[in-house]
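# Using only what follows, build the 3D model:
(chains A, B, C and D)
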Number of protein chains: 2
Amino acid sequence: MTTTEEPRRKRMPKAQRKAQMLDIAEQVFAERGYLAASMDEIAERVGVSKPMLYEYFGSKEGLLIGCIHRARTELLDRTQQAIAGASSPEEILRLGLLAFFEFIGEHKQAWALLRQEAAVTVPSAVEEIEGIRRQQTDLIAAVIGSFDTDIDVVEAEAFAEIVVGSTERLALWCERRPEVGPALATTYVMEVVWRGVANRLKG
Amino acid sequence: MTTTEEPRRKRMPKAQRKAQMLDIAEQVFAERGYLAASMDEIAERVGVSKPMLYEYFGSKEGLLIGCIHRARTELLDRTQQAIAGASSPEEILRLGLLAFFEFIGEHKQAWALLRQEAAVTVPSAVEEIEGIRRQQTDLIAAVIGSFDTDIDVVEAEAFAEIVVGSTERLALWCERRPEVGPALATTYVMEVVWRGVANRLKG
DNA sequence: CCAGTAGGTTACTCGAAGTAAGTTACCTCC
DNA sequence: GGAGGTAACTTACTTCGAGTAACCTACTGG
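Below is the predicted model:
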């Protein structure tokens, strides 16, 4: 029985190769951490030689950024879909939180990138991750603003930051508490944070 | 005029040298980021040769951990001193938050370590930083528990995580908003978070 | 003044990021 | 169905920095 299925298939279209590289890289970065991951290993697992990675991503840092960027885009899509049907600020916040916790649960690898390894050291990677948080805070601040046009801008920003910080931290905590799923995590954040925000929205 | 002050002074006692190395390393890590910082540069700035760093800290990672560890100890001291005279849970939380924001303001370099570079990639460094957060959450959870012995343990933990996450995130945000000092930052966190926690303490 | 040691140095190895220059599979148009 | 153009790929380096082995020197007390 010779291997009939994979005769060392090579030469695939750019887009497909790129996506495959991102898949493998995300995996290796998550497994080993950014520093310990080597471009040689990633290349080998992809089944391609190292210069190809450099052709597509320019540098190790570029490859990391590629991974982060993809995760970020997906997270934004998910969140926007989730809150699309909501009407009240409370519902928006609740559905958004739920979407986030679910996303984290389904993408442990991407999440690992965002929390430890990714904040890797490379300035531009840090900026990229900050970009994800900015994306979320901007969204939240915009929602708050749309429901109370009189609220102090700085204060709205502070609320948004607090929500994002709480949520990210709680997501990490959930890893140590497997019995706490997305629904319960969402409840905890809402319970602690919502009163404070709602109070300000009215006043 | 020859340089009268520094005749290339060498040979200093271990403890002093170690402290000096930590000072310089913290500085260089904060400036360049963990990856881009080289042991050669740190050694040169200390005015000593590279193997000395390895003598004292074992590895680059060890040096980083040394920096983090020192910051952690100092933060705990500061927090404990700050809340020593408080009586109510609200006062404890408020004073603790204030101490944290002041610490961050005074130790920008150490703080930079904890937020970006430090989450460097090296597993043990990540654990070390997590240790700082654990230290804070444990303290908060203990305070909550001491005022309401009936509260659900998991819930108390979740609250503590939310407080730490909010606070850390807001501290980062303060860098972009220099007009928001420690006092105002503390107010924001208390406003949003306190109602939720207080509600649970009573109920 | 000399022996022991704390504090220090020079000069390497080794591994991984990044690159220059060349090679091969595939498609197309005659 | 073969020339030839090009997208996809490789081999064989250079460079730079972490980590180390082996050796050196200033200060101490007796």
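# Measure how buried the closest residue to A:Leu76 other than its chain neighbours is and give me the count.
Distances taken as C-beta to C-beta, 6 or more residues apart in numbering or on different chains place A:Gln135 nearest to A:Leu76, at 5.8 Å, with adjacent residues excluded. From N, CA and C alone the C-beta is placed, and that goes for glycine too. Close neighbours of A:Gln135, defined as other C-beta atoms under 10 Å in any protein chain shown, add up to 16.
# Could I get the full set of helices for chain A?
Along chain A, counting by DSSP state H, helices occupy A:14-32, A:39-46, A:50-57, A:60-83, A:89-106, A:108-112, A:123-147, A:153-176, A:182-202.
# Of these, which shows the lowest average pLDDT?
In terms of mean pLDDT, the lowest-scoring of the helices of chain A is helix A:108-112 (a mean of 77).
# Could I have the CA atoms of that one written out in CSV?
The C-alpha coordinates for helix A:108-112 follow below in CSV (Å, rounded to 0.1, in the frame of the first residue of the first chain):
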residue,chain,number,x,y,z
LYS,A,108,-8.4,28.9,22.5
GLN,A,109,-5.4,29.1,20.3
ALA,A,110,-6.0,32.6,19.0
TRP,A,111,-6.9,33.7,22.5
ALA,A,112,-3.7,32.3,23.9
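# Please report the distance of A:Gly58 from A:Pro178.
According to C-beta to C-beta, to the nearest Å, A:Gly58 stands 39 Å off from A:Pro178.
# These two - which one has more neighbours?
Counted by other C-beta under 10 Å, A:Gly58 and A:Pro178 do not tie: A:Gly58 has more neighbours, with 12 against 7.
# Now do the phi/psi pair for the more buried one.
phi 80, psi -40 (degrees, to the nearest 10).
# And it, how far from B:Arg176?
From A:Gly58 to B:Arg176 the distance is 29 Å (C-beta to C-beta).
# Likewise for A:Arg32?
Counting by C-beta to C-beta, the gap from A:Arg32 to B:Arg176 is 33 Å.
# So between those two, which is more surrounded?
Neighbours were counted for A:Arg32 and for B:Arg176 using other C-beta under 10 Å; A:Arg32 has more, 16 against 9.
# Okay, buried residues for stretch A:12-30 please.
Using 16 or more other C-beta atoms under 10 Å in any protein chain shown as the test for burial, stretch A:12-30 gives A:17, A:21-22, A:24-30.
# scratch that, stretch A:58-68
A:60-68.
# So which of those residues is the closest to DNA strand C?
Nearest to DNA strand C out of those is A:Lys60 (C-beta to the nearest atom of the strand; 3.5 Å).
# quick one, what contacts that closest one?
Taking C-beta atoms under 8 Å, 6 or more residues apart in numbering or on different chains, we find A:Lys60 in contact with A:Met39.
# Within range of DNA strand D, give me the residues from chain A.
A:10-14, A:17, A:48-52, A:55 (C-beta under 7 Å from any atom of the strand).
# One more pass at 6 Å, please.
Counting by C-beta under 6 Å from any atom of the strand, the residues of chain A close to DNA strand D are A:10-14, A:17, A:48-52.
# hmm, which two among those residues are most spread apart?
Farthest-apart pair in those is A:Pro13 and A:Lys50; separation 20.2 Å (C-beta to C-beta).
# Tally up the residues packed near the residue of chain A found nearest DNA strand D, please.
When distances are taken as C-beta to the nearest atom of the strand, chain A reaches nearest to DNA strand D at A:Ser49, 3.1 Å away. Applying other C-beta under 10 Å, we find 12 other residues in the vicinity of A:Ser49.
# Skipping its backbone neighbours, what lies nearest it in space?
A:Ala43 (5.8 Å).
# from what I can see the one you found touches A:Tyr54, true?
No: when contacts are counted by C-beta atoms under 8 Å, A:Ala43 is not listed as touching A:Tyr54 (9.4 Å).
# tell me the contacts of the nearest residue to A:Val143 once chain neighbours are set aside?
Excluding its sequence neighbours, the residue lying closest to A:Val143 (C-beta to C-beta, 6+ apart) is A:Ile92, at 5.4 Å. Residues counted as contacts of A:Ile92 (C-beta under 8 Å, 6+ apart) are A:83, A:86, A:143.
# that older thread, between A:Ala43 and A:Tyr54, which one's more packed in?
A:Ala43 (19 against 15).
# Report the contact partners of that one.
For A:Ala43, the contacting residues are A:49-50, A:52-53, by C-beta under 8 Å, 6+ apart.
# With distance to A:Val126 as added columns, please give the residues you listed in a markdown table.
Converted to a markdown table, the contacts of A:Ala43 look like this (distance: C-beta to C-beta, whole Å):
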| residue | distance to A:Val126 |
| --- | --- |
| A:Ser49 | 30 |
| A:Lys50 | 25 |
| A:Met52 | 26 |
| A:Leu53 | 21 |
